[in-house]
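Peer 1: Give me coordinates for this.
(chains A, B, C and D)
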Amino acid sequence: MTVKVLFFGMTADLAGRRELILSPVKNARCGQVIAEVIDIFPELSKRKMLYSINQVYAHGAEILREGDELAIFTVVSGG
Amino acid sequence: MTVKVLFFGMTADLAGRRELILSPVKNARCGQVIAEVIDIFPELSKRKMLYSINQVYAHGAEILREGDELAIFTVVSGG
Amino acid sequence: MDFFELTTGPLDIGAIARRVIPPECGATVTLDGYVRQFTKGRETEFLVYEAYEPMALKEMEKLIRSAHQQFEISNVGIVHRLGKLEIGETSIIISVAAPHRKAAFAACEWLICELKRTVPIWKKEVYVDDEVWVEGENA
Amino acid sequence: MDFFELTTGPLDIGAIARRVIPPECGATVTLDGYVRQFTKGRETEFLVYEAYEPMALKEMEKLIRSAHQQFEISNVGIVHRLGKLEIGETSIIISVAAPHRKAAFAACEWLICELKRTVPIWKKEVYVDDEVWVEGENA
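Peer 2: Below is the predicted model:
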């Protein structure tokens, strides 16, 4: 299956890109895919990360489905 | 001595005027002058009144001086 | 800079909020009071505000001084409109700028509460067939 | 009517505060956040806000729904600006109308606090010789 990984703000700078298509194993958990992303971009491991699946905050245990949109970002700072 | 009495909003309506010049006895207290005003305009006695002397809230025990400005009004309702 | 004014013209909330902003501050909290169409189920045609103007300005100045003593705020702006106001028009704007928004919220809420209690301004509600000078709840 | 928007254009606090006013309400409380010139003593040149736009809008909608459950309020308007902002420009406006001002103050303060904690928007502070993506304090 394929999932789309999105980066914003600092994570986009650290990854040097805003988007990445990954093909994790079927029924991969969110946390496994995050670990895979950090392997590719080790700089990301230095920051406290938050993630969302299909625009809803995720905790890591969620199982990803084909076509899911996984976003990885630092603690928000709007306002 | 003479003091100027001012009315606002409801007290101006009840007194039918906005201003009155009174000549109380020397060293008259605020409360005495208020009582005198209420004798002239008995309608005023039906409302809870606040007063000020020279634009500062007064309690009634203050001694009035020549030329003082005494205002009589109902509980404020701005905002 | 603080400011406190009485005016018979329309109030511009944006212009007033902007005037209290100092360069080092991060947030402004603004209270915007306006003429209600219905009060206790009764339809208001329009409102008239009257003030004992020199005393009202003195009391507003006192409130601002007291707010600075109680809260860590930078600037306060208070403008109260007088005269005839149509439904939906703004009668009062209180804008408070502070380095931390918590103080701005607290000061703004305290200021409107105290202003309603102490500043000599009176509101007349005009109905189709009647009119009433409103008496405040606090003495 | 509630509304929540992201925009790259300048924000007009007066226009936004006015949009939340229903005829039966008496007060609007508006929070106006803007670009500080100095952060921890360092002079900011300008700011850039970036959002995960579809998720930010969903989170803003959730906040408004939750505010209605917790507070007796009529309408809420939230507009956050994105892109480049100069010093002094407004980055966010939250406007809450309520029959009683106490609820409007409480809801507005809760909304800005929660927005800063949950809505996926990031701020980049640009200095003369450096730039930093700000990381929020709450997780």
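
Peer 1: per-residue confidence at the residue of chain A found nearest chain D?
Peer 2: In chain A, the residue that lies nearest chain D is residue A:78 (2.8 Å; CB to the nearest CB). C-beta: built from backbone N, CA, C; applies to glycine. Residue A:78 carries a pLDDT score of 95 in this model.

Peer 1: Phi first, then psi, for it.
Peer 2: Dihedral angles of residue A:78 (phi, psi; degrees, to the nearest 10) stand at phi -80, psi -180.

Peer 1: Please determine how far it is located from chain B.
Peer 2: Shown here: residue A:78 relative to chain B, a distance of 33 Å by CB to the nearest CB, to the nearest Å.

Peer 1: Quick check: that residue touching residue D:117?
Peer 2: No. At 9.6 Å, residue A:78 does not count as touching residue D:117 under the criterion of CB atoms under 8 Å.

Peer 1: Those two: which has the busier surroundings?
Peer 2: The neighbour count for residue A:78 versus residue D:117, taken as other CB atoms under 10 Å in any protein chain shown, is higher for residue A:78 (28 against 17).

Peer 1: Which residues does the closest residue to the more buried one other than its chain neighbours form beta bridges with?
Peer 2: Excluding its sequence neighbours, the residue lying closest to residue A:78 (CB to CB, 6 or more residues apart in numbering or on different chains) is residue D:121, at 2.8 Å. Under the criterion DSSP bridges, residue D:121 forms beta bridges with residue D:51.

Peer 1: ok, the residue of chain A found nearest chain C - contacts?
Peer 2: With CB to the nearest CB, the shortest gap between chain A and chain C falls at residue A:79, namely 8.7 Å. For residue A:79, the set of contacting residues under the criterion of CB atoms under 8 Å, 6 or more residues apart in numbering or on different chains consists of D:33, D:80, D:91-92, D:112, D:115-116, D:121, D:123.

Peer 1: Does chain D have contacts with stretch A:20-31?
Peer 2: No. Stretch A:20-31 is not in contact with chain D by CB under 8 Å from any CB of the partner chain; minimum separation 15.0 Å.

Peer 1: quick one on the thing from earlier: neighbour-wise, which one of the contacts of residue A:79 leads?
Peer 2: Going by other CB under 10 Å, residue D:121 tops the contacts of residue A:79 with 30 neighbours.

Peer 1: ok now the longest helix belonging to chain A, how far from the chain's centre?
Peer 2: Once chain A is assigned using DSSP state H, the helix that runs over the most residues is helix A:30-40. For helix A:30-40, the distance from its own C-alpha centre to the chain's C-alpha centre is 7 Å (CA atoms, centre = their mean, to the nearest Å).
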